[in-house]
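Undergrad: structure, please.
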Amino acid sequence: GRIAILFGSEKTGLPQEILDKSSHLLVIPTHPACPTMNLAASVAVCCYEFSKAQGSPRKVRGLRDAPIGFKQKENLIGQTLEMFKHVGYLAHLPQAEVCKRLWNLFNQWDVRGRHAALIAGLVRKINRGASQ
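TA: As a prediction, the model looks like this:
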């Protein structure tokens, strides 16, 4: 699949809203005496490491085995938030905080198409039952 590697500005880094929706965070270890690295050096280190990485990407057998993309993850989180509303779970937590936690959860899991289908089916079933 396609990936994007984002670099923040040297002064401020990436905004928290971008970090919250990122599936992986990369930290380049530096010496304690010089704990920061400028943007050009960071990009160069990443490009070097990617170019020397050995092995070929793992073959994916089909869409159900492929990791879900950003849009599919966004839809799944939206459906899960709706389920939380239906069952009254959002009563004690702000919706933005629940959304952030769901992003973190789905980013930590290796959610594949078959997993997303399972979760979406469960969420639909709960939403139908809660609305009756």
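Undergrad: give me the buried positions along the longest helix along the chain.
TA: Using DSSP state H, we find that the single longest helix of the chain is helix 113-131. Neighbour-count burial for helix 113-131, counted by 16 or more other CB atoms under 10 Å, picks out G113, H115, A116, I119, V123, I126, N127. For glycine as for every other residue, the C-beta is placed from the backbone atoms N, C-alpha and C.
Undergrad: return the item of these having minimum pLDDT.
TA: The lowest pLDDT within the buried residues of helix 113-131 belongs to N127, with 80.
Undergrad: V45: what's it in contact with?
TA: I28, M37 (CB atoms under 8 Å, 6 or more residues apart in numbering).
Undergrad: state the phi and psi torsions of the nearest residue to L25 once chain neighbours are set aside.
TA: Closest residue in space to L25, ignoring its immediate chain neighbours: L19 at 6.9 Å, by CB to CB, 6 or more residues apart in numbering. Main-chain torsions, L19, degrees, to the nearest 10: phi -60, psi -40.
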